[in-house]
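# Quick one, what's the 3D model for this:
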Amino acid sequence: MNCTYNPKIAVKLGVNSALAAGFLFREIDKYSVYRDKNYWVRCSGKMLSAAFPHMGKKAAAGALNRLVDEGILIRRPYNQNTFDKK
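Presented below is the predicted three-dimensional model:
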């Protein structure tokens, strides 16, 4: 995987958040679903840490949370399968 990121996000939120944002924006191009006027893609800390082995699950979840807190990402509970929420 090519580890590219936006330096502006990296300065503001850290490299892990910048890597997560870049990964998700690439995933949106491939796997997104358009719903409620936004493009959505599934991603958990576990999925993100699998894509970036140097980033543990806690670090990946923290990176996603920082992106949500800053309004870069929107989180919605569209997945009704409780198995996937673990």
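
# doesn't residue 60 make contact with residue 46?
Yes. Taking contacts as Cβ atoms under 8 Å, residue 46 lies within contact range of residue 60: 7.5 Å. Glycine gets a C-beta too; all of them are placed from N, C-alpha and C.

# Show me which helix runs longest in the protein.
If you go by DSSP state H, the chain has its longest helix at helix 15-31.

# For residue 76, which non-adjacent residue is spatially closest?
residue 40 (7.2 Å; Cβ to Cβ, 6 or more residues apart in numbering).

# okay, now that neighbour: neighbour count?
Using other Cβ atoms under 10 Å, residue 40 has 17 other residues around it.

# so who does it touch?
If a contact means Cβ atoms under 8 Å, 6 or more residues apart in numbering, then residue 40 has 32, 33, 34, 76, 78 as its contacts.

# beta partners for the closest residue to the last one other than its chain neighbours?
Closest residue in space to residue 78, ignoring its immediate chain neighbours: residue 40 at 6.6 Å, by Cβ to Cβ, 6+ apart. For residue 40, the beta-bridge assignment (DSSP bridges) gives partners residue 33.
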